[in-house]
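1. any chance you could fold what I've pasted below:
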Amino acid sequence: MSGNSFGKLFTVTTFGESHGIAIGGVVDGCPPGLTLSEADLQGDLDRRKPGTSRYTTARREDDEVQILSGVFEGKTTGTSIGLLIKNKDQRSQDYSNIADRFRPGHADYTYDQKYGSRDYRGGGRSSARETAVRVAAGGIAKKYLKEVHGVEVHGYLSQLGPISVENVDHAVTNTNPFFCPDESKLEALDEYMRELKKSGDSIGAKVSVVVKNVPVGLGEPVFDRLDADIAHAMMGINAVKGVEIGDGFEVINQKGSEHRDTLSPEGFQSNHAGGVLGGISTGQDLEVHMALKPTSSISVPGKTINKQGEEIEIITKGRHDPCVGIRAVPIAEAMMAIVLMDHYLRHRAQNASVVSTTVAIAGQAGQAGQAGKAE
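-> Numbering: from 1, shown residues only. Model prediction:
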């Protein structure tokens, strides 16, 4: 299958299926000299892994990553970094009843039509299980960007069903199983999810990512715009059906005088654009939001067809997330970091010797110490 690689200079290629022996990947383009170990990547994998709370799938996976190559004496060598995560808790028998039928809302029908066959065990290659490798690869990018430019990537659940976040405190995000930055919403989220699980249904969610200390100048101005590549990355995450940069669809109701981000000697006065102008980063916070659909793997009976084209009833068995948006937070962070790492290397390759004669302003009025030009 094609389409297994992402990025141009910082390239991530993944392999493996939900119920195979293992999943893994190869990361190309990481500069040499970065201190790196499995422990640097395990934290984000633990945030993503299944079975960590009552609100996620009951599948139990350690998601322990092994670095197979590209690191010597604790530092990256500049060569390919091989990653491997073994699957340990497969229950393929849970899916034997759907071998000849297509789950509505899943990739079963489209895979079968495209390839003439499909791995029906947990969705095979279309399963979100594959995203564990992206999280590991994104951990490499996050570490490099943090150490070189102080870039910080913060993802969080901003809405689950009818419950929207009103206050964002990044210090709170990783202290609860929802990745919710608003402590006042935790009780409502718990109650909502308990009732949802009783009904056997699922719900959609909104996940947001904010990146701080972004260097000015990342992104190519035509086809490879920074915001376009971010949208590409986020839409490549399972269940994502919409991506917004900055104010997103709210711009429909805005006038030009309201939307434009005024520049001043003290810095930008607002950030409606989400940190990107003309496809190039402004040095402001990058702000991205994505909508994730409710999973179709539910115990509520529904109609579908089998391979013979006959209408039948289906109930999806197995272990599934009632809201896939919850565990999507570290995945979204990882994909954001991969995009930024790739564009940082591309910018360095073409523009390393460029010196702008225009003074760099703060990403937001009142801020100090902006990262400035990417070096």
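2. just so I have it, where are all the helices in this protein?
-> Taking DSSP state H as the test, the helices found in the chain are 38-48, 108-115, 131-149, 170-173, 186-199, 226-235, 256-259, 328-351.
3. out of those, which is closest to residue 7?
-> Between residue 7 and the helices of the chain, the shortest gap by C-beta to C-beta is with helix 328-351, which sits at 4.3 Å. The C-beta positions use only the backbone N, C-alpha and C, and glycine is treated the same way.
4. can you pull the buried residues of that closest one?
-> Buried residues in helix 328-351, counted by 16 or more other C-beta atoms under 10 Å: 328-347.
5. now do stretch 230-243
-> So, applying 16+ other C-beta under 10 Å, buried residues of stretch 230-243: 230-231, 233-234, 237-240, 243.
6. Throw those into JSON lines and include pLDDT and distance to residue 123, thanks.
-> Listed next are those as JSON lines, based on pLDDT from 0 to 100; distance: C-beta to C-beta, whole Å:
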{"residue": "230", "pLDDT": "98", "distance to residue 123": "25"}
{"residue": "231", "pLDDT": "98", "distance to residue 123": "24"}
{"residue": "233", "pLDDT": "98", "distance to residue 123": "21"}
{"residue": "234", "pLDDT": "98", "distance to residue 123": "20"}
{"residue": "237", "pLDDT": "95", "distance to residue 123": "14"}
{"residue": "238", "pLDDT": "92", "distance to residue 123": "9"}
{"residue": "239", "pLDDT": "93", "distance to residue 123": "12"}
{"residue": "240", "pLDDT": "96", "distance to residue 123": "16"}
{"residue": "243", "pLDDT": "98", "distance to residue 123": "22"}
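7. just to revisit the earlier point, do you know which of the helices of the chain lies nearest residue 277?
-> Across the helices of the chain, residue 277 has its closest neighbour in helix 226-235 (9.3 Å, C-beta to C-beta).
8. quick one: contacts of the closest one?
-> Contact with helix 226-235 is made by 6, 218-220, 240, 243, 245, 274, 276, 279-281, 286, 288, 290, 332, 335-336, 338-339, 342-343, as judged by C-beta atoms under 8 Å, 6 or more residues apart in numbering.
9. go with 6 Å
-> The contact list for helix 226-235, computed with C-beta atoms under 6 Å, 6 or more residues apart in numbering, reads 218-219, 240, 243, 245, 276, 279, 281, 288, 290, 335, 339, 343.
10. how near is residue 6 to residue 110?
-> As for residue 6, its distance to residue 110 is 20 Å (criterion: C-beta to C-beta, to the nearest Å).
11. which one's more surrounded, the two?
-> residue 6 (20 against 12; other C-beta atoms under 10 Å).
12. and the gap between that one and residue 313?
-> Between residue 6 and residue 313 the computed distance is 38 Å (C-beta to C-beta).
13. equivalent analysis for residue 243, please.
-> Separation of residue 243 from residue 313 (C-beta to C-beta): 35 Å.
14. repeat for residue 26
-> Distance, residue 26 to residue 313, by C-beta to C-beta: 43 Å.
15. quick one: which of these two has more around it?
-> Between residue 26 and residue 313, counting by other C-beta under 10 Å, residue 26 is the more crowded of the two (20 against 9).
16. so who does the more buried one touch?
-> With C-beta under 6 Å, 6+ apart, residue 26 has these contacts: 13, 80, 82.
17. what do you get for residue 160?
-> 189, 205.
18. what's the local residue count around residue 167?
-> 10.
19. same question but for residue 229, I mixed them up
-> Look at residue 229: counted by other C-beta under 10 Å, it has 24 neighbours.
20. also residue 134?
-> So residue 134, with other C-beta under 10 Å, has 25 neighbours.
21. ok, now how distant is it from residue 212?
-> 21 Å.
22. now swap in residue 316 and tell me
-> Distance from residue 316 to residue 212, by C-beta to C-beta: 40 Å.
23. more crowded one of the two?
-> Each of residue 316 and residue 212 has its neighbours counted (other C-beta under 10 Å); residue 316 has more, 23 against 17.
24. okay but that one is in contact with residue 296, surely?
-> No: look at residue 316 against residue 296 with C-beta atoms under 6 Å: they stay out of range, at 7.4 Å.
25. can you tell me how far residue 311 is from residue 235?
-> Counting by C-beta to C-beta - residue 311 and residue 235 are separated by 32 Å.
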